[in-house]
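In: Output the structure for:
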Amino acid sequence: MSVRRLTAKEQLKDLLYQSLETELGGVQVYTTALQCAVNEDLAREWQEYLEQTQTHVRIMRELLEKIGFDPDEETPGRQAVRKIGTALVEAMRLAINAGNPDAAQVLAAECVVMAETKDHLNWELMGEYAEKRRGEEASAVKQAHAKVEEQEDEHLYHTTGWARELWIQALGMPAVLPPPEEEKEVRTAIGAARARQSREEML
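Out: As a prediction, the model looks like this:
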């Protein structure tokens, strides 16, 4: 049986629908993660990221409509992404019910990192598409990307720092809280690597 390869247009559609579903799932992930947040600085940061993610949902819906797609259409890709988001939320709820707030907070940070890793990849791919392709679709993607990219970088790199430092604290070692990534306002992979290297100086 032959399998038809998707065209570039169909692949773009799949990426955009996955991206919308990732943002929708992100709203649920942050809403649940906030129930796990013990550290006040972390709670404030996640509240900000929740509000930004809600805006990203709107931006993605507008982008799909601008290109001519129905934002409410169901696709296999977005259904798969939804299952992953639901699993992350369920994992946090299990942690909450276990009755150990510190452990739930660490798990929530890990769940946010997992969600934001997919989210970051989506926007990175959209940025590549916008840079390499021409036409109205690429222009629309580029405009959306410009509004979101820096926030997505911050979401991933800062929460990765939180997850690491919360684990270090849980293991009984000195932690840097808030993490160096937040203190140094990291928004790039290079900046995140430098922040990790500087943590010993911040203890």
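
In: Look up how far residue 67 lies from residue 5.
Out: 21 Å (CB to CB, to the nearest Å). Just so you know, the C-beta spots here come from the backbone N, C-alpha and C atoms, and that holds for glycine as well.

In: out of the two, which sits in the busier spot?
Out: With neighbours defined as other CB atoms under 10 Å, residue 5 and residue 67 compare such that residue 67 has more, 16 against 7.

In: Name the SS class of the closest residue to the more buried one other than its chain neighbours, please.
Out: Spatial nearest neighbour of residue 67, chain neighbours left out: residue 137 (5.3 Å); criterion: CB to CB, 6 or more residues apart in numbering. When classified by DSSP: H, G, I helix; E, B strand; the rest coil, residue 137 comes out as helix.

In: oh, and call the first residue 37 from now on, that's how I've got it
Out: With 37 as the first residue, the last one maps to residue 173.

In: elements contacting the strand or helix carrying residue 94?
Out: Following DSSP states H and E, one finds residue 94 within helix 76-103. If you count contacts as 3 or more CB pairs under 8 Å, 6 or more residues apart in numbering; DSSP states H and E, helix 76-103 packs onto helix 44-72, helix 137-168, helix 172-206.

In: got the angle between the second one and helix 172-206?
Out: Counting by axes from the mean of the first three to the mean of the last three CA atoms, to 10 degrees, helix 137-168 points 150 degrees away from the direction of helix 172-206.

In: Helix 137-168: which residues count as buried?
Out: 140-152, 154-159, 161-163, 165-166 (16 or more other CB atoms under 10 Å).

In: What of the first one?
Out: Neighbour-count burial for helix 44-72, counted by 16+ other CB under 10 Å, picks out 48-49, 51-70, 72.
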